[in-house]
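A.B. asks: Sequence below, structure please.
(one chain, ligands or ions: 2)
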Amino acid sequence: MTQTTDSTGIVIMGGSGRMGRMLIDVITASDSAHIIGVTEAPGHPWAGRDLGEALGGAASGVPVTDQALDVVAKAQAVIDFTTPTATLAMSKVTAQTGAVHVVGTTGMTADDIAALDRAAQETTIVRAGNMSLGVNLLTQIVRQVAAALDDDYDIEVVETHHRHKVDAPSGTALMLGEAAAAGRGVDLDTVADRARDGITGARTRGSIGFHALRGGDVVGDHDVIFAADGERITLRHQASDRSVFARGALKAALWGQGKGPGAFDMLDVLGLR
Ligand SMILES: NC(=O)C1=CN([C@@H]2O[C@H](COP(=O)(O)OP(=O)(O)OC[C@H]3O[C@@H](n4cnc5c(N)ncnc54)[C@H](O)[C@@H]3O)[C@@H](O)[C@H]2O)C=CC1
Ligand SMILES: O=C(O)C1=N[C@H](C(=O)O)C[C@H](O)C1
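C.D. replies: Numbering: from 1, shown residues only. Ligands and ions are numbered 1, 2, ... in the order given. Predicted structure coming up:
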């Protein structure tokens with residue numbers, strides 16, 4: 001694992017997960033950062049082991065632990081793609097140590113996000129439901145298109161993910177819905193239509209619909225559809241490799257160094273706001 005004097009020391013949360021493993025690959029290949037520790041859920045079989053050995057190879061000297069503070073105390077950043085409960089617990093640890101906390105975890109409630117915003121008074125938190133450049137750029141395009149079109153254009157957000165995903169709509173779908181609502185100058189919570197089933201009645205003018213498909217190994221596909229009488233526009237992003245999320249998260253961890261306390265997102269990191 002590469003380490004130079006100006007290399008940023010990073011803790012990966014949930015190292016055995018789909019995103020955790022991708023982060024291990026991306027950070028190991030980076031000249032700008034190195035892994036100083038990995039955390040896992042309490043009682044996880046990797047906890048207490050060496051990372052290299054847990055991955056089935058030679059010892060790496062990188063510990064895996066379920067005692068976050070042990071490793072976070074030495075870290076400049078924590079990258080976290082886990083669960084809302086684990087993310088909130090980690091926000092208390094990073095608030096204590098000052099490590100930059102990069103949060104990719106989705107499925108968070110408004111109360112969870114408010115708790116993260118409070119933690120951001122103590123350290124830098126960068127949170128985004130999607131860390132890829134493509135999706136963050138797409139949010140800006142969606143906002144522009146929604147601002148240019150009126151309510152004659154019905155907006156629907158359709159997302160497809162692998163069979164293991166536990167939250168819906170996806171964090172990305174909500175980001176795209178927020179962007180569309182912002183373009184229209186409305187509040188997403190007021191216009192979102194998230195559960196159509198049965199005799200729903202005709203579509204409510206001005207609503208923004210969400211639809212979640214789950215199956216197979218789909219990394220993450222998102223469509224934003226603007227449908228009017230006689231024409232329809234579809235804006236689409238398809239992720240085919242999780243490295244786009246991991247590279248974005250690493251960029252956020254490096255960008256956050258020296259920023260000071262505050263809540264940021266990937267538009268800040270990518271300079272797209
Ligand atoms: N923002 C983005 O760009 C992306 C966000 N995600 C989100 O990231 C999250 C994780 O996704 P996956 O990697 O597919 O899930 P996963 O289920 O494969 O991995 C989650 C990992 O977190 C670990 N974990 C659970 N509690 C923990 C704790 N207290 N401490 C440390 N580790 C803990 C689990 O044991 C597991 O290894 C989901 O919310 C997903 O929607 C996923 C991809 C991209
Ligand atoms: O769970 C996933 O896999 C993904 N989650 C994020 C989301 O909820 O939008 C990002 C990406 O689509 C993959």
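A.B. asks: Measure how buried the residue of the stretch 1-150 of the chain found nearest ligand 1 is and give me the count.
C.D. replies: Evaluated by CB to the nearest ligand atom, the stretch 1-150 of the chain has residue 17 as its residue closest to ligand 1, separated by 2.1 Å. To be clear about C-beta, it is placed using only N, CA and C from the backbone, and glycine gets the same treatment. By other CB atoms under 10 Å, 17 other residues sit near residue 17.
A.B. asks: near ligand 2, which residues of the stretch 151-273 of the chain show up?
C.D. replies: Counting by CB under 6 Å from any ligand atom, the residues of the stretch 151-273 of the chain close to ligand 2 are 161, 165, 170, 171, 172, 220.
A.B. asks: Which one of those residues sits in the busiest neighbourhood?
C.D. replies: residue 172 (27 neighbours).
A.B. asks: which one is residue 91 nearest to, not counting chain neighbours?
C.D. replies: Closest residue to residue 91 apart from its sequence neighbours, by CB to CB, 6 or more residues apart in numbering: residue 119 at 3.8 Å.
A.B. asks: Model confidence at that neighbour, what's the number?
C.D. replies: Looking at residue 119, its pLDDT stands at 97.
A.B. asks: how close does it get to residue 96?
C.D. replies: According to CB to CB, to the nearest Å, residue 119 and residue 96 sit 10 Å apart.
A.B. asks: more crowded one of those two?
C.D. replies: Higher neighbour count among residue 119 and residue 96: residue 119, with 22 against 14, using other CB under 10 Å.
A.B. asks: Pull the contacting residues for the more buried one.
C.D. replies: For residue 119, the contacting residues are 91, 92, 94, 95, 101, 125, by CB atoms under 8 Å, 6 or more residues apart in numbering.
A.B. asks: Most neighbours among those residues, which one?
C.D. replies: Going by other CB under 10 Å, residue 101 tops the contacts of residue 119 with 31 neighbours.
A.B. asks: that older thread, which phi and psi does the residue nearest to residue 91 have?
C.D. replies: Main-chain torsions, residue 119, degrees, to the nearest 10: phi -60, psi -30.
A.B. asks: pLDDT on stretch 10-21, on average?
C.D. replies: 98.
A.B. asks: what's the first-to-last distance across it?
C.D. replies: One end of stretch 10-21 to the other measures 14 Å (CA to CA, to the nearest Å).
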